[in-house]
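Asks: Just to be clear, the model below is a prediction. Sequence and coordinates:
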Amino acid sequence: MNPALDADSDTWMTTSPNLENKLRRTTVETRVNCLPVYIMIDTSQSMAPFEDVLNETIETLYDELITSPRISEFAHVSILSYNTEAEVVVQMTDLQSMNVLPQLECGGVTNFVKALRLLRSRIEEDVPQLSNAGREVLRPVAFLLTDGQPTDENGYLSNNWRSDFVSLVDKSYRRHPNVVPFGYGAATADILNEVATIPGAAFLAKEGGTAEALRKIIPALLNTLVASARDHELRLPTEVDGFIRVSPEIVE
Amino acid sequence: MTGAWSHCPVGRSVRLADLGTLGQKLGDHNGESRLVCRLPKYSDWVYKEYPKPLSLAHVKRLTQLIQLPEQMTAAYKELVNEHTSWPATRVLNAQRQTIGVMMPLAPAAFSAPRQMPSGRTEVKILEVDVLALTEDRQTHLKLPPQPLASRISVCASIAAVGALFESAGLVYLDWSYSNVFWSLSDYSAYVIDMDGCSFGPRLQVQQPNWDDPLVPRGGNAGNESDRYRAALLIARCLTGKRASLDETRTALIDLRRRGGAIGDVGQLLIQALNARSTTDRPSIARLSAALDAAKKQGARPGATISLPGTGGVKEWKQLPARGTAAQKPPRTVPSRPASRPVVKSPAPRPVVKSPAPTRPPSSPSRVPAPNFQTVRRPNTPPPSRPSSGGGMVGLVFLAILVIVLLIIFL
């Protein structure tokens, strides 16, 4: 980043609450920091027509992460999928040593409860592991990709996920993650706003197909990781090609 | 023709409308730019747009930077053209405000088809991000493992550009894994993103992982900070060790201990990284000279040592089989797949036109093979004389000698 052009502030959001303290630091840190990143992919039945695109998406993301050490050294990525159940597709510690790529299969309902519980359990597992490896671990971030509205296990619209969500992102939970939602298909701005933990960091696909939206999410995620790796803190874009930013303050 | 400062197809300022339609995006909202894209009308050039029009002070600075090569020697101009994406043209909006800059696209030699972990092959820019790795990590990434000689060659090229900045009083500060590319064809470097260079010191840039311990953020950073950061980048490229400053320093010390192949380079790098005062940091020009010397030295047989931490000495020289003529040492740079690479669309970086990597001039594979036939193996008895045929030859030789002596004396 080059402040000679004093032009960075309006294109990226910083999420660091103690920026001033960081600016005052004068010594070289001995513990290199890292960012746990969770990409949570909706694989419910409505995504079935887009299975190939989803798998292609994972493949592209995997290739880019593995072949860019400067990104993968900072951003430690895990991929979770969720429908009626939730599953770890790529474990954080496995990314570098994987020999086969998982192929996703879509089916079932959009069960946020299972997804949120799995996320929490993975954070509990991954953060201590990174810390034990000598890294300073930043607050995890979860990119939640969804094409619909949360349902219960039987596929009926439901609010049953809210208590899990509140306890996950509550500040009293030391490892509470930032959640950045990307919605497409039948996803609504209301739900995205509700799960976004950073004001203005929720993205809803503009008109266009789900496949197109998925293809645009990967460059957006990669750009986010590149910018975050460059600055060693979570940096989120203020604009994502093909998506609009949704905010509770934007009423129409 | 490859894009280069000297071959700019437009003047030193141009209106955006005159650049034609904007082409493939190479990046957006990335650091100090709103957009970086190719220009179909000028295929070897990129357009970088700033998030907002530059202030008058920055317009003046950028103009000065664009004009600077005009005053340079031919050798420096060549360096600018071949190894930097030197800003060539200010781009103006309808109000004649400077909203961007036109810069050369990195030549195709700085890209290569890479086999991706998933099995696809994609043409990608070679950032030094993948040079600054140990050989085993490079192998893991399906990259040809880079011997020390190749690393020295690339680093000499990096330092040459750094020395150019230093001599012009330019402060770059942006040394990083993504701002320097390297070539598998001639093992040189290509430096980008220099349109933010300042003439003289400026506010230190935020560069986690590259932080200057003596000039913290908020301080005024000059060429001394460039000396630190360039040294850190070069040390990481040479050793492949990058997890922490301590790890890099330890690897450097180890590298020095293992052989003389890097000459004064190790000492200068350690001095730059350990200095307690910015004035104690050696100039990049000194480092450049030392790297040039090491590059020449590296071409000699025996100077081709392996990098530390790769699980032992790599076999670069193959001893000839007993009783046969000396053989060429094995290639250290594996040949590229023969199949045509599949270029993913949209390709994030320039497309390679003819990516045919060749070995570097100083590559061990070019080292003349020593004549091992003349070398006697230690603890091996000398070969016995031939048991047949040799006696007859001796008798004939003796007879001829007697005849010659008789002729002389009679």
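Replies: Happy to help now that I have it. Residues are numbered from 1 along each chain as shown, chains lettered A, B, ... in the order given.
Asks: Please, where are all the strands along the chain?
Replies: No chain was given, so I picked chain A. Remark: strands assigned in chain A by DSSP state E are A:12-14, A:33-42, A:75-82, A:86-90, A:136-137, A:141-146, A:178-183, A:203-205, A:235-237, A:243-245.
Asks: Chain B is the one I meant
Replies: In chain B, the strands defined using DSSP E lie at B:13-15, B:25-28, B:35-39, B:42-49, B:89-92, B:98-104, B:111-115, B:121-125, B:170-171, B:180-182, B:189-191, B:198-199, B:202-203, B:220-221.
Asks: In JSON lines, list these along with mean neighbour count and distance to residue A:240.
Replies: All C-beta spots, glycine's among them, are computed from the backbone N, C-alpha and C. As requested, those are exported to JSON lines (neighbours: other CB atoms under 10 Å in any protein chain shown; distance: least, CB to CB, whole Å):
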{"stretch": "strand B:13-15", "mean neighbour count": "17", "distance to residue A:240": "29"}
{"stretch": "strand B:25-28", "mean neighbour count": "18", "distance to residue A:240": "10"}
{"stretch": "strand B:35-39", "mean neighbour count": "19", "distance to residue A:240": "14"}
{"stretch": "strand B:42-49", "mean neighbour count": "21", "distance to residue A:240": "18"}
{"stretch": "strand B:89-92", "mean neighbour count": "22", "distance to residue A:240": "25"}
{"stretch": "strand B:98-104", "mean neighbour count": "24", "distance to residue A:240": "22"}
{"stretch": "strand B:111-115", "mean neighbour count": "21", "distance to residue A:240": "27"}
{"stretch": "strand B:121-125", "mean neighbour count": "21", "distance to residue A:240": "23"}
{"stretch": "strand B:170-171", "mean neighbour count": "22", "distance to residue A:240": "34"}
{"stretch": "strand B:180-182", "mean neighbour count": "28", "distance to residue A:240": "27"}
{"stretch": "strand B:189-191", "mean neighbour count": "26", "distance to residue A:240": "30"}
{"stretch": "strand B:198-199", "mean neighbour count": "17", "distance to residue A:240": "32"}
{"stretch": "strand B:202-203", "mean neighbour count": "17", "distance to residue A:240": "30"}
{"stretch": "strand B:220-221", "mean neighbour count": "18", "distance to residue A:240": "33"}
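Asks: Between these, which has the poorest mean confidence score?
Replies: For the strands of chain B, mean pLDDT drops lowest on strand B:25-28, to a mean of 78.
Asks: Now find how far off-centre that strand is within its chain.
Replies: Distance of strand B:25-28 from its chain centroid, counting by CA atoms, centre = their mean, to the nearest Å, is 24 Å.
Asks: Could you tell me how many residues sit around residue B:216?
Replies: 16 (other CB atoms under 10 Å in any protein chain shown).
Asks: for chain A, what are the nearby residues on the stretch 1-150 of chain B?
Replies: Neighbours of chain A within the stretch 1-150 of chain B, by CB under 8 Å from any CB of the partner chain: B:27-34, B:50-52, B:54-55, B:58, B:61, B:114, B:116-118, B:120, B:122, B:124, B:127, B:129-130, B:132-133, B:137, B:140-141.
Asks: Tell me the buried residues within these.
Replies: Among these, those buried by neighbour count (16 or more other CB atoms under 10 Å in any protein chain shown) are B:27-34, B:50-51, B:54, B:58, B:61, B:114, B:116-118, B:122, B:124, B:127, B:129-130, B:132-133, B:137, B:141.
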